[in-house]
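Engineer: Below is the structure, and that's it, no one-letter string:
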């Protein structure tokens, strides 16, 4: 799976309902965090679509580039951050936090890389319009396949509050 695309190499792959990406994000969540991400009664294809279109939580992921860019953001994330799919998947993930909060975010991501995941994270983020909001009860985990290959990191949060 090639998630290290570069903007000059053409458009980002559409992973919104991609079953292989779904396997990566849900499988790594189950292995690393020890919980399921989607209702188990759904087929793989249904689950990928549910996660993107209907999940009652925000889910986003970035790749492993030196300046990681978002590779996924479900509809809930797009609403929260005010970016559509194309805009979000061309955005360096560091720009989701205001400049003063980027060092804190960088330390968080380094800790996740070392530990595998963290839960109960909270932080200030910024939407496309400049609206600031606090994310709460956030779980951040490593996107790793079943053999341990690293593809990036993902975050899931259910609660946010406008500031």
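Structural biologist: Right, received. Where do you want to start? Computed from a predicted structure; not experimentally measured.
Engineer: what comes up buried for stretch 48-56?
Structural biologist: 48-52, 55 (16 or more other CB atoms under 10 Å). Placement of C-beta: from N, CA and C, glycine included.
Engineer: Specify which member of those is nearest to residue 88.
Structural biologist: residue 52 (12.1 Å; CB to CB).
Engineer: which element is that closest one on?
Structural biologist: helix 44-53 (DSSP states H and E).
Engineer: On the three-state scheme, the spatially most distant residue from the centre of the chain is what?
Structural biologist: Within the chain, the residue lying farthest from the chain centre (CA atoms, centre = their mean) is residue 41, at 23.2 Å. Following DSSP: H, G, I helix; E, B strand; the rest coil, we place residue 41 in the coil state.
Engineer: can you tell me how far it sits from residue 30?
Structural biologist: Applying CB to CB, to the nearest Å, the value for residue 41 to residue 30 is 16 Å.
Engineer: now swap in residue 146 and tell me
Structural biologist: 10 Å.
Engineer: between these two, which one's more packed in?
Structural biologist: residue 30 (13 against 10; other CB atoms under 10 Å).
Engineer: Now the more buried one. Its backbone dihedrals?
Structural biologist: Note on residue 30: its backbone torsions stand at phi -60, psi -40 [degrees, to the nearest 10].
Engineer: do the same with residue 160
Structural biologist: phi -150, psi 160.
Engineer: Go ahead and confirm it touches residue 135.
Structural biologist: Yes. Applying CB atoms under 8 Å, one finds residue 160 in contact with residue 135, separated by 5.0 Å.
Engineer: For these two, list the residues in contact with both.
Structural biologist: Residues touching both residue 160 and residue 135 comprise 58, 125, with contact defined as CB atoms under 8 Å, 6 or more residues apart in numbering.
Engineer: Buried ones in the helix or strand bottoming out on mean pLDDT in the chain, by neighbour count?
Structural biologist: In the chain, no helix or strand scores lower on mean pLDDT, DSSP states H and E than helix 102-115, which sits at a mean of 82. For helix 102-115, burial by neighbour count (16+ other CB under 10 Å) applies to 105, 108-109, 112.
Engineer: Report the two of those residues separated the most.
Structural biologist: Between any two of the buried residues of helix 102-115 (CB to CB), the greatest distance is 10.7 Å, for 105 and 112.
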